[in-house]
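> need a 3D model of the following:
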Amino acid sequence: MTTLMQERPEDGPAIETLIDTAFGAERFAKTVYKFREDVPPIDELSFVAYDRQTLVGTLRFWPILIGGTTEAILLGPLAVDPTRRAEGIGAALMWHGLAEAQRRGHRIVILVGDYDYYVKFGFKREPCSRLDLPGWVDRKRFLARALVPGAVDNLSGMVEKWVPVERRSRDVA
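The predicted model follows:
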């Protein structure tokens, strides 16, 4: 039986091993990983799936900004033990994570991933057509989802690394 729960500090080593297995070390060179450097994942939106004492899945969300002011969250990585794929573990983590993000008041989720997988969770390409990233990404894999109606309508700008509100620059007129 698989159990979902919030990530705990002691889960860290098993999570890193699982992510290494799923994505390899080259993942650190990808554009989306630049948003994670020196920015911790959102604790209350970091989840794990266990089967008895074995970690079989993980999902994290990270804070990001769009256009310097619009707060959003970056989904990923979602990783499932390769021997346990197609059992619904990833889907369970996704639905749980999206529901919790919505419950906590988040409005926009961005990710880079397999369209055919993420479309069933409500992700679309169109909202990202007016977004830019500070590096290369396959635009077919650049997806967004609103957690509240209309949140991604007319979304535009550069996706940027999270900066706390008190450190964001403000234009003074």
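> report the contact partners of the nearest residue to residue 67 once chain neighbours are set aside.
In space, not counting the residues next to it along the chain, residue 67 is nearest to residue 157; the distance is 2.7 Å by CB to CB, 6 or more residues apart in numbering. The C-beta positions use only the backbone N, C-alpha and C, and glycine is treated the same way. Contact analysis of residue 157 by CB atoms under 8 Å, 6 or more residues apart in numbering lists 66, 67, 68, 70, 130, 131, 132.
> need the max-distance pair from the residues you listed.
68 and 130 (15.0 Å; CB to CB).
> okay, now the nearest residue to residue 51 once chain neighbours are set aside: neighbour count?
What sits nearest to residue 51 in space, not counting adjacent residues and going by CB to CB, 6+ apart, is residue 2, at 5.1 Å. Close neighbours of residue 2, defined as other CB atoms under 10 Å, add up to 16.
> ok, residue 2 to residue 27 distance?
24 Å (CB to CB, to the nearest Å).
> just checking, what packs against the lengthiest helix in the chain?
As assigned by DSSP state H, the longest helix anywhere in the chain is helix 89-103. Here helix 89-103 touches strand 2-6, strand 47-51, strand 54-66, strand 70-80, going by 3 or more CB pairs under 8 Å, 6 or more residues apart in numbering; DSSP states H and E.
> any chance of the ones you listed in TSV, with mean pLDDT and distance to residue 37 too?
Formatted as TSV, the helices and strands packed on helix 89-103 follow (pLDDT from 0 to 100; distance: least, CB to CB, whole Å):
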stretch	mean pLDDT	distance to residue 37
strand 2-6	95	23
strand 47-51	96	22
strand 54-66	96	10
strand 70-80	95	12
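> which among those is found nearest to residue 138?
Nearest to residue 138, of these and by CB to CB, is strand 70-80 at 14.3 Å.
> list the pairing partners of the closest one within its sheet, with orientation.
According to DSSP bridges, strand 70-80 has the following sheet partners: strand 54-66 (antiparallel), strand 108-112 (parallel).
> next SSE downstream of the last one?
Secondary structure here is assigned by DSSP states H and E; on that basis, the next helix or strand after strand 108-112 toward the C-terminus is helix 115-118.
> so who does the residue lying closest to residue 1 once chain neighbours are set aside touch?
In this structure, residue 1 finds its nearest non-sequential neighbour in residue 51, 7.0 Å apart by CB to CB, 6+ apart. With contact set as CB under 8 Å, 6+ apart, residue 51 has these partners: 1, 2, 3, 84.
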